[in-house]
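Asker: would you be able to build a 3D model of this:
(2 chains)
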Amino acid sequence: MKIATWNINGIKARRDTLLTWLGQDAPDIVCIQEIKCMDEAFPSEAFEDLGYNVAVHGQKSFNGVATLSKLPFDEVTPRLDGDEADEQARYLETVVSVPSGVLRIANLYLPNGNPVDSEKYPYKLAWMARLQARAEALLALEEPFVMAGDYNVIPMPDDVHNPAAWTDDALFKPETRAEFRKLLNLGLTDAFRACHDEPHRYSFWDYQAGAWQKNNGLRIDHLLLSPQAADHLVACDIDSTPRGWEKPSDHVPVWIELKL
DNA sequence: ATGTCGATACTTTATCGA
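Answerer: Coordinates of the predicted model:
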C-alpha cells in the first residue's frame, strides 16, 4: 500500500499536474493540502475517473485538505479537536479497511506561523498541542495510523540548506522543533528518517530567488507513523521530479510503502 | 531572506498569505 502527501498549492492551478502524477505513480492513498477552494468547487469527478474515492475539507481561498483513496472510506472526520472556534480547514481524518484490519489516515496542513511576533505563531503552537492530544488519543487504540501532511516544521538542521538563516523563523524556532519532537516522543516515527540518514533532502523549494535551481530547500512535509504502522514500513522517499515541471507547486510528493 | 505564485475583489492591479 502506497500512501503519499503533497501540498499542491491550489487545486484549480494544479488539477492537471496532480492527474499526471497520479497516472504515472498510482498511489493507493494521497493526502493533498492547500486546495484553496470550497468543498463543492473541488474537481472530484476527475479523480473518481481514475478510481479514487474523494474526501474534502475545504474553505474559500485558503488552506483546505483533501484525501484521495482507491479503498472506500469507512469513516471521514474533518476538523481537529480542541478548538471549536477554529474556522481554518487544516485537518481531515479518514479510515479505510485493509487485509490486516483498519488503517487511519490523518491529512494535515499545519499552520505556517510567520510572522512570529503576530497572533499566527501562538496559533501554530496551540495547533501543535491539539495534534499531540489527537495523537495520544489515537495511540491508545493501538492501531496503525499515519499522520501525513505539510507540517511547516524543519525537524533538524540537516533538513534545511542554511540553518543559521532560519533560527528565528516559525518553521525552525526551537519552540517549534520542540513541539514536533513531542510527537516523536509519544512514539511516532518519522518515516523518511526511518529509511534515510542522508542530509539535505528537501520536500519544498521557494518560488523565489532561484531556490529550486540552487537546491535551497526545506524538508517540511512528513509522514509520522504509529508503532503499528511503522512495523509495516518498507520504503519512504521524496519524489522531487514534479518540482521541475511546468507551473509546479512549491512542494513535492513524499510517499511511503506499507506492507499491510 | 527574497529574483514568485495563487486566489480574490468595488479586478485588469493591489492585496494577502505562503
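
Asker: next, give phi and psi for residue A:16.
Answerer: phi -70, psi -30 (degrees, to the nearest 10).

Asker: what about it, how many neighbours?
Answerer: 12 (other CB atoms under 10 Å). For glycine as for every other residue, the C-beta is placed from the backbone atoms N, C-alpha and C.

Asker: of all residues in the stretch 1-150 of chain A, which one is closest to DNA strand B?
Answerer: residue A:10 (2.6 Å; CB to the nearest atom of the strand).

Asker: could you find the closest non-adjacent residue to that residue?
Answerer: Sequence neighbours aside, residue A:36 is the residue nearest to residue A:10 in space, at 4.6 Å (criterion: CB to CB, 6 or more residues apart in numbering).

Asker: same check on residue A:149?
Answerer: Using CB to CB, 6+ apart, the closest residue to residue A:149 is residue A:108 (3.7 Å).

Asker: quick one: list the elements packing against the helix or strand that the one you found is a member of.
Answerer: Element membership for residue A:108, per DSSP states H and E: strand A:101-109. For strand A:101-109, the packing partners by 3 or more CB pairs under 8 Å, 6 or more residues apart in numbering; DSSP states H and E come out as strand A:2-7, strand A:29-33, strand A:65-69, strand A:91-98, helix A:120-139, strand A:145-150.

Asker: most packed of the ones you listed?
Answerer: strand A:29-33 (a mean of 29; mean count of other CB atoms under 10 Å).

Asker: what about the residue of the stretch 1-150 of chain A closest to DNA strand B, how many residues nearby?
Answerer: Quick note: residue A:10 (other CB under 10 Å) scores 15 neighbours.

Asker: likewise for residue A:235?
Answerer: 13.
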